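Colleague: need coordinates for the below:
(2 chains)
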Amino acid sequence: MELFQYPYMQRALIGALIIGLAAPALGIYLVQRRLALIGDGVGHVALTGVGAGLLLNRSPVLVAVIVATLGAITIELVRARGRTSGDLALALLFYGGIAGGVMLVGLSDATSANLNAYLFGSLTTISPQDLVTIGVLGATILVTMLALRPALFAVCHDEEYARVSGLPVRALNLLLAVATAVTVTIAMRAVGVLLISALMVVPVATAQQVTRGFRGTMTAAMALGLFAAGAGVWVAATADTAPGASVVLLAIASFLVVAVAGAAWRVLRRRAVPAAAPHPEPHEVILG
Amino acid sequence: MTFPVITVTHGVVGYDGRPVLRDVSLTVTAGEVVAVLGANGSGKSTLIRAALGLVPLAAGTVELFGIPLRRFRQWGRIGYVPQRLGAGGGVPATVREVVASGRLARRGVLRPPGRADREAVDAALRAVGLADRAGDPVATLSGGQQQRTLIARALAGRPELLVLDEPTAGVDAASQEAFAGALHAFVADGGTVLLVAHELGPLRPLISRAVVVHHGGIAHDGAVPEPAGHHAEPDHDHVHPHGPDEPAGLWSS
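Modeller: Next comes the predicted model:
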């Protein structure tokens, strides 16, 4: 515990908690429209931004935000237009992104340790300025995702209906794309490009096994993200493991625990009420 | 009551160069209940989707409430009921949450829901007989109940015009009756309805005009045609059972 007396560990913990809260708040919309892996793709593209930043001697995170945003907007435009060639176009973007990143990092003076920091996260090297960036961007994402929940829910749930409701569907989709890019880039410091999607998706997957509604799923996923981030950093500090991997493994462990507990509870409940075993079709109400 | 609500003039729609609608004109005036009938693939769904701007017109014009589609912004006056619940649904949503989406056309994106929104959602749930299922995940409902959730979503916006795409396809008889009841109340309040149907079932007495679409053109516009074949038999009850109820599993949402 005394490790947390050091400012760098405090920054690591605060940064992880902000990301643990913001990532599932955005991720739930991606899961809802069955784009759970989009964060992964944007992360690959962000790596090219990191490489460009290192090569040009600019802030890698800043350049990564710009490149990832452009990538996410491209992906969204491909998705909106897209027919069958959509996923091929996405694949090109993903692999182009990671290959470009590795190449640019190689061309710069950076060492492989630098690259690893972005691939797998480097919470303990977060500077005070980094923390301010993470805090401001994370809070913006969180407020936007919560304040626009009815509209974003409608767009992700039924895009055609949203259009007939007069919602600015394209603007909301682009907003989600940009928010994905920003979240990926700030989460890059915590869990790394290769594990970003986990923090967006796994808490949502865990929550929806026991929740009944969207709002409940969102609240539970944010709580789970917060728990995984906090506990992951603590485990990493005490057991000297990689923080990013610890956070993600804890999130996946929560998923397994909830899945097993949920299945056991359903079995027990079925045994307790044997009459309900073969689910009967619910009675329909007839209106006069 | 002859104010035109929907006016499609010489509408042409094609998918990938294949014409689906050729030179179709249709006017629905306030207070009418118009059924668009036709075989599968006749273009009847395309007609109403084009009228709402969901499918682009290759030629022709659409006006909603007398305003060209391109400039139309009063979407709160329209309630749209799609054929089935959208593919979006990786995350559970309660019946109430889905129905509450129907208020967005009235409220806009930025304003948080207020008491008027909650009351309208409650009233819409009562109108389709789903008030007791408000807190249940939509995925646990039967096909007919899901369809009633969608009509409640449209009704929650207190629209003047309801546009329904095959509202009774694959829906059990009891839900069809509930559906007809809700629609009857809507029409009695002066609402206008445009619906696409394969067969009318219990909706039949409500229909004031029928439009038959055949091979992308309008083959009939006027009185509701008499049912033919086995559909005409008095004991034909139009029941379309849906698939078996799958148990909730680890990977189901």
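Colleague: so where is chain A shaky, pLDDT-wise?
Modeller: Chain A contains residues with pLDDT under 70 at A:1, A:82-87, A:273-288.
Colleague: center of it, which residue is that?
Modeller: Among the residues of chain A, the one closest to the centroid is A:Met200, at 2.2 Å (C-alpha atoms, centre = their mean).
Colleague: any idea how far A:Thr183 is from that one?
Modeller: 7 Å (C-beta to C-beta, to the nearest Å). C-beta here means a position set from N, CA and C on the backbone, and glycine is covered the same way.
Colleague: who touches both of these two?
Modeller: Between them, A:Met200 and A:Thr183 have A:23, A:26, A:39 as joint contacts when contacts are counted by C-beta atoms under 8 Å, 6 or more residues apart in numbering or on different chains.
Colleague: what sits against A:Ala46?
Modeller: A:64-65, A:67-68, A:71, A:97, A:101, A:181, A:184-185, A:188, A:193.
Colleague: now with 7 Å?
Modeller: A:Ala46 makes contact with A:64, A:67-68, A:184-185, A:188, A:193 under the criterion C-beta atoms under 7 Å, 6 or more residues apart in numbering or on different chains.
Colleague: make a markdown table out of those and add distance to chain B, neighbour count and secondary structure.
Modeller: Listed next are the contacts of A:Ala46 as a markdown table, based on distance: C-beta to the nearest C-beta, whole Å; neighbours: other C-beta atoms under 10 Å in any protein chain shown; DSSP: H, G, I helix; E, B strand; the rest coil:
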| residue | distance to chain B | neighbour count | secondary structure |
| --- | --- | --- | --- |
| A:Ala64 | 27 | 29 | helix |
| A:Val67 | 28 | 25 | helix |
| A:Ala68 | 23 | 31 | helix |
| A:Val184 | 19 | 31 | helix |
| A:Thr185 | 24 | 29 | helix |
| A:Met188 | 24 | 31 | helix |
| A:Val193 | 23 | 30 | helix |
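Colleague: wait, what's in contact with the nearest residue to A:Gly20 once chain neighbours are set aside?
Modeller: Closest residue in space to A:Gly20, ignoring its immediate chain neighbours: A:Ala229 at 2.7 Å, by C-beta to C-beta, 6 or more residues apart in numbering or on different chains. Shown in contact with A:Ala229 (C-beta under 7 Å, 6+ apart): A:16-17, A:19-20, A:247.
Colleague: out of these, which are inside helices?
Modeller: Judged by DSSP state H, the contacts of A:Ala229 include A:16-17, A:19-20, A:247 as members of helices.
Colleague: pull out the buried members of the shared contacts of A:Met200 and A:Thr183.
Modeller: A:23, A:26, A:39 (16 or more other C-beta atoms under 10 Å in any protein chain shown).
Colleague: between those residues, which sits nearest B:Glu226?
Modeller: A:Leu26 (55.6 Å; C-beta to C-beta).
Colleague: in what helix or strand does that closest one lie?
Modeller: helix A:7-32 (DSSP states H and E).
Colleague: next, the most centrally placed residue in chain B: secondary structure please.
Modeller: For chain B, the residue nearest the mean C-alpha position is B:Leu164 (1.3 Å; C-alpha atoms, centre = their mean). Put simply, B:Leu164 is strand when judged by DSSP: H, G, I helix; E, B strand; the rest coil.
Colleague: again with B:Glu63
Modeller: Criterion first, three-state DSSP; result for B:Glu63: strand.
Colleague: in space, what's closest to it - neighbours in sequence excluded?
Modeller: In space, and not counting its chain neighbours, B:Glu63 is closest to B:Thr7: 4.3 Å by C-beta to C-beta, 6+ apart.
Colleague: can you give the contact residues for stretch B:186-199?
Modeller: So stretch B:186-199 is contacted by B:5-6, B:28, B:30-37, B:44-45, B:48, B:155, B:160-169, B:183, B:203, B:206, B:231, B:238 (C-beta under 7 Å, 6+ apart).
Colleague: follow-up on the earlier one: mind putting the buried ones among the shared contacts of A:Met200 and A:Thr183 in JSON lines, distance to chain B included?
Modeller: Output for these, formatted as JSON lines (distance: C-beta to the nearest C-beta, whole Å):
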{"residue": "A:Ala23", "distance to chain B": "15"}
{"residue": "A:Leu26", "distance to chain B": "13"}
{"residue": "A:Gly39", "distance to chain B": "14"}
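Colleague: and which of those residues is nearest A:Trp265?
Modeller: If you rank these by distance to A:Trp265 using C-beta to C-beta, A:Ala23 comes first, at 27.6 Å.
Colleague: and the gap between B:Thr7 and B:Gly14?
Modeller: Counting by C-beta to C-beta, the separation of B:Thr7 from B:Gly14 is 21 Å.
Colleague: between these two, who's got more neighbours?
Modeller: Set side by side, B:Thr7 and B:Gly14 give different neighbour counts by other C-beta atoms under 10 Å in any protein chain shown, the larger being at B:Thr7 (20 against 17).
Colleague: mean confidence score for the one helix or strand the more buried one maps to?
Modeller: Element membership of B:Thr7 [criterion: DSSP H and E] is strand B:4-15. Mean pLDDT, strand B:4-15: 90.
Colleague: for the next helix or strand along the chain from that strand, buried residues please.
Modeller: Per DSSP H and E, the first helix or strand lying C-terminal to strand B:4-15 is strand B:18-29. Judged by neighbour count (16+ other C-beta under 10 Å), strand B:18-29 contains these buried residues: B:20-22, B:24, B:26, B:28.
Colleague: then stretch B:6-19?
Modeller: B:6-8, B:11-14.
Colleague: ranges for the helices of chain B?
Modeller: Under DSSP H, chain B gives helices at B:44-51, B:95-100, B:104-107, B:115-127, B:143-156, B:173-188.
Colleague: could you dump the contacts of A:Ala46 to TSV with distance to B:Asp117?
Modeller: Formatted as TSV, the contacts of A:Ala46 follow (distance: C-beta to C-beta, whole Å):
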residue	distance to B:Asp117
A:Ala64	40
A:Val67	41
A:Ala68	36
A:Val184	34
A:Thr185	36
A:Met188	39
A:Val193	41
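Colleague: for the residues you listed, which one is nearest A:Phe214?
Modeller: The closest of the contacts of A:Ala46 to A:Phe214 turns out to be A:Val184 (C-beta to C-beta; 22.7 Å).
Colleague: quick check, that closest one in contact with A:Gly41.
Modeller: No: in this structure, A:Val184 is not within contact of A:Gly41 by C-beta atoms under 7 Å, at 9.3 Å.
Colleague: tell me the one of the buried residues of strand B:18-29 nearest chain A?
Modeller: Using C-beta to the nearest C-beta, B:Val28 comes nearest to chain A of the buried residues of strand B:18-29, at 15.9 Å.
Colleague: okay, now the closest residue to B:His184 other than its chain neighbours: neighbour count?
Modeller: Among residues not flanking B:His184 along the chain, B:Leu206 sits closest, at 6.0 Å (C-beta to C-beta, 6+ apart). Per other C-beta under 10 Å, the neighbour tally for B:Leu206 reads 18.
Colleague: need the per-residue pLDDT for B:Leu206.
Modeller: B:Leu206 is given a pLDDT of 88.
Colleague: how about B:Glu246?
Modeller: Value for B:Glu246, per-residue pLDDT: 40.
Colleague: again with the one 5 residues further on
Modeller: In the predicted model, B:Trp251 carries a pLDDT score of 44.
Colleague: got the residues of the stretch 1-150 of chain A near chain B?
Modeller: A:28, A:31-34, A:148, A:150 (C-beta under 7 Å from any C-beta of the partner chain).
Colleague: now, which of those sits nearest B:Gly135?
Modeller: A:Pro150 (17.4 Å).
Colleague: that closest one and B:Gly102 touch, don't they?
Modeller: No: the pair A:Pro150 and B:Gly102 does not pass the contact test of C-beta under 7 Å, sitting 10.5 Å apart.
Colleague: can you count the residues close to the closest residue to chain A within the stretch 151-253 of chain B?
Modeller: In the stretch 151-253 of chain B, no residue comes nearer to chain A than B:Ala174, which is 3.2 Å away by C-beta to the nearest C-beta. Applying other C-beta under 10 Å, we find 18 residues neighbouring B:Ala174.
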